[in-house]
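Engineer: This is a predicted model, with the sequence first.
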Amino acid sequence: MPNILRYYPYKLQFVQELLPHDFETRHLFSLQFLARLEVDPEWPGNILWTDEAHFHLDGSVNNQNCRIWETDNPHSTLRVPLHSPKVTVWCGFSASFILCPYFFEELGAGGPVTCSITGQRYASLLRNKIIPDLQARQCLSRIIFMQDGAPPHITRCDTDVLKHHFTEERVISRQFRHLWPPRSPDLTPCEFWL
């Protein structure tokens, strides 16, 4: 088809919807980031960029990236369970190190079981894994902690832990002085490198 008819397969690309106010918020965040960079060129190197992701364990194919080239429609299907087994993994990285992986799981009757991320589980991860790892690296006092505005990240227990260890000045997140713009996964390096 590409050679004779000049037809090519195209697939819609899904992107995060931005609301009218989001453009201004993203622009202001970018200006603040650039202003901080002018004052302290080392500042971005101290940011710990963080995010979590789900990985399905049954070999599910991401059909957004799958193409089948045939002369006739093969009517191919792939049966997948409605709720496939998966793991949820948290990762953070800075210019000088990677802090990961941390798995959100609990012990069940048959061993570890993936669990959903709640404010309490996220606060436990901060207190019991992330903070001690940063202390062991002797960098807690200079790290700027970045997280998106997912609801489990901004519960009272989470913000208290972050304020205690990083102060209001060294957190980039929703409900902090340095506001992470909503609906902006494209601004974080985690989306490109993890």
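Structural biologist: Thanks, I have it. Numbering: from 1, shown residues only.
Engineer: Buried residues, the longest strand seen in the chain. List them.
Structural biologist: Across the chain, the longest stretch assigned as strand under DSSP state E is strand 47-56. The neighbour-count check on strand 47-56 (16 or more other Cβ atoms under 10 Å) flags 47, 48, 49, 50, 51, 52 as buried. Placement of C-beta: from N, CA and C, glycine included.
Engineer: do the same with stretch 82-102
Structural biologist: In stretch 82-102, counting by 16+ other Cβ under 10 Å, buried: 87, 88, 89, 90, 91, 92, 93, 94, 99, 100, 102.
Engineer: Format the CA atom coordinates belonging to the helix or strand following the longest strand of the chain as CSV.
Structural biologist: Using DSSP states H and E, the helix or strand that follows strand 47-56 in sequence is strand 86-93. Presented in CSV, the C-alpha positions along strand 86-93 are these (Å, rounded to 0.1, in the frame of the first residue of the first chain):
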residue,chain,number,x,y,z
LYS,A,86,0.2,-6.2,37.4
VAL,A,87,2.9,-4.6,39.5
THR,A,88,3.0,-0.9,40.5
VAL,A,89,6.5,0.5,40.6
TRP,A,90,7.7,3.9,42.0
CYS,A,91,11.0,5.3,40.7
GLY,A,92,12.9,8.6,41.2
PHE,A,93,16.0,9.9,39.6
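Engineer: helices and strands around strand 86-93, which ones?
Structural biologist: strand 47-56, strand 98-103, strand 111-114, helix 190-193 (3 or more Cβ pairs under 8 Å, 6 or more residues apart in numbering; DSSP states H and E).
Engineer: Check which helices and strands the second one is in contact with.
Structural biologist: In other words, strand 98-103. Under the contact definition 3+ Cβ pairs under 8 Å, 6+ apart, strand 98-103 sits against strand 86-93.
Engineer: Could you list the low-confidence segments of the protein?
Structural biologist: Across the chain, residues meeting the criterion (pLDDT under 70) sit at 1-2, 6, 8, 10-16, 59-78, 80, 192-194.
Engineer: Select the longest helix from it.
Structural biologist: For the chain, the longest helix by residue count, based on DSSP state H, is helix 20-39.
Engineer: and the residue nearest the centre of the chain, what is it in contact with?
Structural biologist: Taking Cα atoms, centre = their mean, the centroid of the chain lies closest to residue 51, which sits 2.6 Å from it. Residues counted as contacts of residue 51 (Cβ atoms under 8 Å, 6 or more residues apart in numbering) are 90, 91, 92, 147, 148, 188, 190, 191, 194.
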